[in-house]
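1. What follows is a predicted protein model with its sequence.
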Amino acid sequence: MTTAHHVPAPSLRPAPAGGQRIWRVVRLNMVNKWTVIWVPAMIMGFITLVNWLVWWIIWASTSGTDRADAMEGTQWSGGGFYIFVYMLVVAIQVVSATFPFALGYSVTRRDFSLGAGLTFLLLAAGYAIGFTLLSAVEEWTNGWGLGGHLFTSVYFAGENVWGRLFIVFSAMLFFFAVGAFSAGLFMRWRVNGILAAGAVLALLIVGAIAVITFTQSWPAVGDWFVASGPIGVSAWLLLPTVLAAVAGYAVLGRATPRS
C-alpha cells in the first residue's frame, strides 16, 4: 500500500498592480536618456550660445542709446520657442520606438497610453523647472552680461517665477500631446492618417481665418490676447492639450504596430 503525498501547487508570481505596470512603461520610455534629456538640453545650450554670440556682435558694434534699443529689441526673440517644438519630436520618437516593443512584452494599450502620459508630465515638469531657473539666471546676470533676452522674452516678461513655470509647463504639455497624437495616427493609419489629419487641421485654420476676416474680428482677437496675457493664453492652451491627449489615447487603443 502506497502513501499518497500531497504535492503543493507551484506558487505563481502575482501580476504587478496597475500602478506598477504604468511605472514600468515610464521607465521604458526613459531608457534612452539621450533622446529625451541630453539632446534637447544640448539643443537649448546651442541656441543659447548662438543668441549670446549675436548679442555680443550687437553690443560690440553699437554704443549708447543704439545699443540699449538693440538689446531691448531682443525681448521679442523667439529663439527659445524651438525647444517647445522639439518636444513634439521627442513625443513622436518615444511613442514610435517603445509602443511596438511594449506590446511585445504584453503591455496593454491602456497601460502604455497612461505610462506615456505620465512620462510626458514628468518631462514637461523637469524642462519647465530648468527653463524657469535659466530665466532667473538670465535676470540675475543682466541678460548673460549683455542685456539680452532669451528665457525672459516678452512672452514671459512681467511674470513671477510661478507664472513662468506654468507658461512653460503648459506649452511643453501641448507639444507633447500633439506629438503623441501624431505618432498614434501613424501607428494606426500610417502616412494616410498623418496626411488626413494635416488636411483637416489646415481646413480648420483657413476656416477660422476666413471667419475672423469676414467678421472683421481681428482687433477683438488682438484684444483677447492682450487681456488674457501669457498665463491666460497658456491656461486656454490646456484645452487642446486635453483633446489631443484623449484623441491619442483613443487612436492608440486600436493601433497595431507594423514593420
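-> Cool, the structure landed.

2. Strands along the stretch 151-259 of the chain, start to end?
-> Assigned by DSSP state E, counting those that start in this stretch, the strands in the stretch 151-259 of the chain number zero.

3. Mind jotting down where the helices sit in it?
-> All helices of the stretch 151-259 of the chain, identified by DSSP state H, counting those that start in this stretch, fall at 161-214, 218-252.

4. now those in CSV, with distance to S106, mean neighbour count and mean pLDDT?
-> C-beta coordinates here come from the backbone N, C-alpha and C atoms, glycine included. Formatted as CSV, these follow (distance: least, C-beta to C-beta, whole Å; neighbours: other C-beta atoms under 10 Å; pLDDT from 0 to 100):
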stretch, distance to S106, mean neighbour count, mean pLDDT
helix 161-214, 18, 17, 94
helix 218-252, 16, 15, 94
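
5. now the ones you listed in CSV, with distance to M30?
-> Converted to CSV, the helices of the stretch 151-259 of the chain look like this (distance: least, C-beta to C-beta, whole Å):
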stretch, distance to M30
helix 161-214, 14
helix 218-252, 19
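
6. To W59, which of the ones you listed lies closest?
-> Closest to W59 of the helices of the stretch 151-259 of the chain is helix 161-214 (C-beta to C-beta; 25.0 Å).

7. Helix 218-252 and that closest one, what's the angle between them?
-> 110 degrees (axes from the mean of the first three to the mean of the last three C-alpha atoms, to 10 degrees).

8. Show me what helix 161-214 is packed up against.
-> Where contact means 3 or more C-beta pairs under 8 Å, 6 or more residues apart in numbering; DSSP states H and E, helix 161-214 is packed against helix 81-104, helix 109-140, helix 218-252.

9. Between those helices, which one is closest to V25.
-> Distance to V25, taken as C-beta to C-beta, is lowest for helix 109-140 among those, at 2.4 Å.

10. could the helices and strands packed on helix 161-214 be laid out in a markdown table, adding distance to T152?
-> Below are those laid out as a markdown table (distance: least, C-beta to C-beta, whole Å):
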| stretch | distance to T152 |
| --- | --- |
| helix 81-104 | 14 |
| helix 109-140 | 5 |
| helix 218-252 | 12 |
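
11. For W38, find the nearest of those helices.
-> Relative to W38, the nearest member of those by C-beta to C-beta is helix 81-104, separated by 11.4 Å.

12. before we move on, the earlier item: so which of the helices and strands packed on helix 161-214 is nearest G193?
-> helix 218-252 (8.1 Å).

13. just checking, what packs against that closest one?
-> By 3+ C-beta pairs under 8 Å, 6+ apart, helix 218-252 packs against helix 109-140, helix 161-214.

14. Serialize those to TSV and add fields for distance to R24.
-> Shown next, in TSV, are the helices and strands packed on helix 218-252 (distance: least, C-beta to C-beta, whole Å):
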stretch	distance to R24
helix 109-140	7
helix 161-214	18
